[in-house]
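> Build me a model:
(one chain, ligands or ions: 1)
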Amino acid sequence: MFQVNENYAKLPGSYLFATIGRKVKAYQEAHPEKKIIRLGIGDVTQPLAPAIVTAMQEAAGEMGQAETFHGYPDYEGFAFLREAIVAGDYRARGVDIGMDEIFVNDGAKCDSADLGDIFSLRNKVAVCDPVYPVYVDSNALVGRSGDWLNDEGRWSNLIYMPCTAENGFAPEFPQEQPDMIYLCFPNNPTGATVTKDRLQEWVDYARKIGAVIIYDAAYEAYISEPDVPHTIYECEGAKECAIEMRSFSKNAGFTGVRLGFTVVPRELKCGDVSLNQLWLKHQEIKFNGVSYVIQKAGAAVYSPEGRAQTQEQVAYYMNNARVIREGLSAAGYTVSGGVNAPYIWLRTPKGMSSWEFFDYLLETANVVGTPGSGFGPHGEGYLRLTAFGSYENTLAAIERIKKL
Ligand SMILES: *Cc1c(COP(=O)(O)O)cnc(C)c1O
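This is a model prediction of the structure:
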């Protein structure tokens, strides 16, 4: 008789976005005349930039000609895209990353979950709290998170690093020693980030204790302040202890196109074992590459037109972030984020819980946010608003909240 992976059964049935969807649907059905504005989504809304669409059309044409047709792509990604990445994201910042250290993928989510495959199940994992749920749940599926403790709302074997107003939503070194540390800056959900000096301290700490940092830089394009690192490899020694994940989803609107990459440096070793070689093996066994058309679209992001057009989109979202941040501050709310990230982390007023405030905003302002408690125990008492809506809707939502 077969058995299933019992770790799947351990996952708590919270389904944050399903619950939100159900509540919004029920409210809309009861009040069909109300115009609900959704500032809860973590998905972009602007269409693909023209330079990207043109590149995809040209690539599709090439696929229709015998001379320029492409079958299975390389596991690591086409050289033209990896060259563009090395030059545009690393060399341009004075960081030396080789083409053979770049692994192109179909988005950062899969790799953020799959990277665990090359690490021992005995490793102790540290995550921020609140956190992007994929890091936690993917470790839970292989048993590394331990058991779900329902009363405490946490996993028994994870190290949680609280990100609170007191520490500026940036984690401190945990008391218990981790082997794997997941960091995401600029952060989803809090919108917080760290300075280069602080990230250097994390790199030094990881090297000292022999831990690996899995660094999610999906929101790099949103950085506006000068002392915020764009890549962890700006820090000295990071190539010996850190893997970096990037995505085209938020900087170029590829959430529906699907493209990202992971950097696994050659210097990153466990004894004699090269993690770069382990990850190559992982990709050879479990992955068959990304479509030529999509990789051409990715390369277009690095062209002068593509850059200008995608930067304009990021600026559009960041203007929304400013409207939310300034509007809510003026209305007396305590807000953070929204400066180097498209997320605003809003303290709930009058001691309301995250879900109480969610219901209140839905019912009185017809605005949808994401309850902070859905991202971890220390997200309780917060709500996440995103800047990914239209300017008009963002402005209207904030006007409504101000009038409450
Ligand atoms: C959106 C997001 C990603 C990107 O995911 P894709 O699979 O590339 O779309 C990665 N990490 C975080 C924290 C995100 O919010």
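> Pull out the buried residues from stretch 161-177.
Going by neighbour count (16 or more other CB atoms under 10 Å), the buried part of stretch 161-177 is 161-164, 169-171, 174. Bear in mind the C-beta positions are built from the backbone N, C-alpha and C, glycine included.
> Mind checking which of those land in helices?
Nothing among the buried residues of stretch 161-177 maps onto helices, per DSSP state H.
> So which of those belong to strands?
If you go by DSSP state E, those have 161-162 in strands.
> how about the buried residues of stretch 161-177, which pair is most distant?
Farthest-apart pair in those is Phe169 and Pro174; separation 15.8 Å (CB to CB).
> circling back to that earlier point, redo the buried residues of stretch 161-177 as a markdown table? Include pLDDT and distance to the ligand.
Formatted as a markdown table, the buried residues of stretch 161-177 follow (pLDDT from 0 to 100; distance: CB to the nearest ligand atom, whole Å):
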| residue | pLDDT | distance to the ligand |
| --- | --- | --- |
| Met161 | 98 | 15 |
| Pro162 | 98 | 18 |
| Cys163 | 98 | 13 |
| Thr164 | 98 | 19 |
| Phe169 | 98 | 14 |
| Ala170 | 97 | 15 |
| Pro171 | 98 | 15 |
| Pro174 | 98 | 20 |
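> Could I get the average pLDDT for whichever helix or strand Gln309 is part of?
Using DSSP states H and E, Gln309 falls within helix 304-330. What helix 304-330 shows for mean pLDDT is 98.
> what about the stretch 151-300 of the chain, any weak spots by pLDDT?
Across the stretch 151-300 of the chain, nothing is flagged by pLDDT under 70.
> Strands of that one, residue ranges please.
For the stretch 151-300 of the chain, strands defined by DSSP state E, counting those that start in this stretch occupy the ranges 154-155, 158-162, 180-184, 212-216, 242-247, 260-263, 269-270, 273-274.
> The second one packs against which elements?
Secondary-structure packing of strand 158-162 (3 or more CB pairs under 8 Å, 6 or more residues apart in numbering; DSSP states H and E): strand 125-129.
> Is the ligand within reach of the strand it packs on?
No - Strand 125-129 lies out of reach of the ligand by CB under 6 Å from any ligand atom, never closer than 10.4 Å.
> Next: stretch 20-40.
No - shown here: stretch 20-40 not in contact with the ligand (CB under 6 Å from any ligand atom), separated by at least 13.3 Å.
> list the buried ones in that stretch?
In stretch 20-40, counting by 16+ other CB under 10 Å, buried: 20, 23-24, 27, 36-40.
> counting contacts, what elements does the following helix or strand past the helix holding Gln309 pack onto?
Sequence-wise, the next helix or strand downstream of helix 304-330 (DSSP H and E) is strand 335-337. Strand 335-337 is packed against helix 304-330, strand 343-347, with contacts defined by 3+ CB pairs under 8 Å, 6+ apart.
> Looking at those, spot the one closest to the ligand.
strand 343-347 (8.6 Å; CB to the nearest ligand atom).
> Need the contact partners of the closest one.
With CB atoms under 8 Å, 6 or more residues apart in numbering as the test, strand 343-347 has contacts from 165, 169, 187-192, 321, 324-325, 328, 333-338, 369, 372, 381-387.
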